[in-house]
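Asks: turn this into a model:
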Amino acid sequence: MSKSSLIVAIVVLSCALSPSEAFAPRSSPARITSRSSYYGKSNRNNVISHEMVVDGGVAESITGAWAAYNEALEANPLLVKSVTASVILGAADFTGQAIERSRKSQDVAVEDEGASGVDIARVVRFAVFGLVLQAPWNHFYYQMLDGALPPTEDPFTTTTGIKVFIDQFVQAPIFTVLIFAFLGALEGKTLDSIKKQLDDDYVDTMFANWKLWVPATAVNIAFCPPVLRVLFLNCVFFFWSIFLSLKLNKEEESA
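Replies: Coordinates of the predicted model:
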């Protein structure tokens, strides 16, 4: 074998024995994801999923409660309206008493134990008023009103205006007298005492009534389905009952 042939053989042999990776292009290093990074993403996803489940559960509960209320309302409309009114009006008087205590705490440095307590009998009177008078009265009143003047598809009609006028300038003055008489009788007031309270407070009460109830009644008659009108009225009546609670019991507050 010649010298040049020997050199070529050595070069070929060395290339065959060398690792192929030496001539291959370098690949980018593999990306390593730490366990903490993986589990961190997993925990965040779990939290988000849990929040979505909770929100969905709350929404489902509210939807289910509303559906159950409507079913009960359809099955026993007067009973459901009366119980609803009883709860709302009782809560309204409870709130009114809390406002009274807050006022007294600003005027008097130290309250006595009687002033700091809740007059349960007064709360019960308002609850009974909602159960026995307010809801039944409005249930049958709206049936009569809608029977005489059927609801219209368009909310802004002459019929709506007439019904609002009848409600606020015929029905409301009569019903307000009944409120004074009913709550006064439950409290044990004499007829003369109830009459005196009407003389003192009736006019102011009616002006306050119209400020709240004229727009509220317009919304109620124009937009609420007939079956839900008493419910809407009960919700507004919560705030009106706070006013009545403070108005009708102002003598006890000043005493």
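Asks: who are the neighbours in contact with Phe243?
Replies: For Phe243, the contact set (CB atoms under 8 Å, 6 or more residues apart in numbering) comprises Ala208. (Each C-beta comes from the backbone N, C-alpha and C, glycine too.)
Asks: mean confidence score for the one helix or strand it maps to?
Replies: Assigned by DSSP states H and E, Phe243 belongs to helix 229-248. The average pLDDT within helix 229-248 is 92.
Asks: what about it, distance to the chain center?
Replies: Taking CA atoms, centre = their mean, to the nearest Å, one finds helix 229-248 lying 15 Å from the centre of the chain it belongs to.
Asks: which stretches of the stretch 51-200 of the chain form strands?
Replies: Taking DSSP state E, counting those that start in this stretch, the stretch 51-200 of the chain contains no strands at all.
Asks: show me the shaky parts of it.
Replies: Scanning the stretch 51-200 of the chain for pLDDT under 70 picks out the ranges 51-56, 107-116.
Asks: pull out the buried positions in the helix holding Phe243.
Replies: Buried positions in helix 229-248, judged by neighbour count with 16 or more other CB atoms under 10 Å: 229-234, 236-238, 240-242, 244-248.
Asks: got the CA coordinates for that helix in CSV?
Replies: Provided in CSV are the C-alpha atoms of helix 229-248 (Å, rounded to 0.1, in the frame of the first residue of the first chain):
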residue,chain,number,x,y,z
ARG,A,229,-98.5,43.7,41.0
VAL,A,230,-99.0,43.0,44.7
LEU,A,231,-95.4,41.7,45.0
PHE,A,232,-94.1,44.9,43.5
LEU,A,233,-96.4,46.9,45.8
ASN,A,234,-95.1,44.9,48.8
CYS,A,235,-91.5,45.8,47.9
VAL,A,236,-92.3,49.5,47.7
PHE,A,237,-94.4,49.2,50.8
PHE,A,238,-91.3,48.1,52.7
PHE,A,239,-90.1,51.7,52.5
TRP,A,240,-93.5,53.2,53.0
SER,A,241,-94.1,51.1,56.1
ILE,A,242,-90.9,52.5,57.6
PHE,A,243,-92.3,56.0,57.1
LEU,A,244,-95.7,54.8,58.6
SER,A,245,-93.9,53.2,61.5
LEU,A,246,-92.1,56.4,62.4
LYS,A,247,-95.1,58.5,61.8
LEU,A,248,-97.6,56.5,63.8
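Asks: which ones are touching Leu73?
Replies: By CB under 8 Å, 6+ apart, Leu73 lies in contact with Val80, Lys81, Val227, Leu231.
Asks: from these, which ones fall inside helices?
Replies: If you go by DSSP state H, the contacts of Leu73 have Val80, Lys81, Leu231 in helices.
Asks: got CSV for these, with distance to Gly90 too?
Replies: Rendered in CSV, the data for the ones in helices among the contacts of Leu73 read as follows (distance: CB to CB, whole Å):
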residue, distance to Gly90
Val80, 16
Lys81, 15
Leu231, 16
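Asks: relative to Thr190, how far out is Leu183?
Replies: As judged by CB to CB, to the nearest Å, Leu183 and Thr190 stand 14 Å apart.
Asks: closest to Ala91 among the contacts of Leu73?
Replies: Leu231 (14.8 Å; CB to CB).
Asks: show me the contacts for the closest one.
Replies: Neighbours of Leu231 in contact, by CB under 8 Å, 6+ apart: Leu73, Lys81, Thr84.
Asks: I am finished for the moment; much appreciated.
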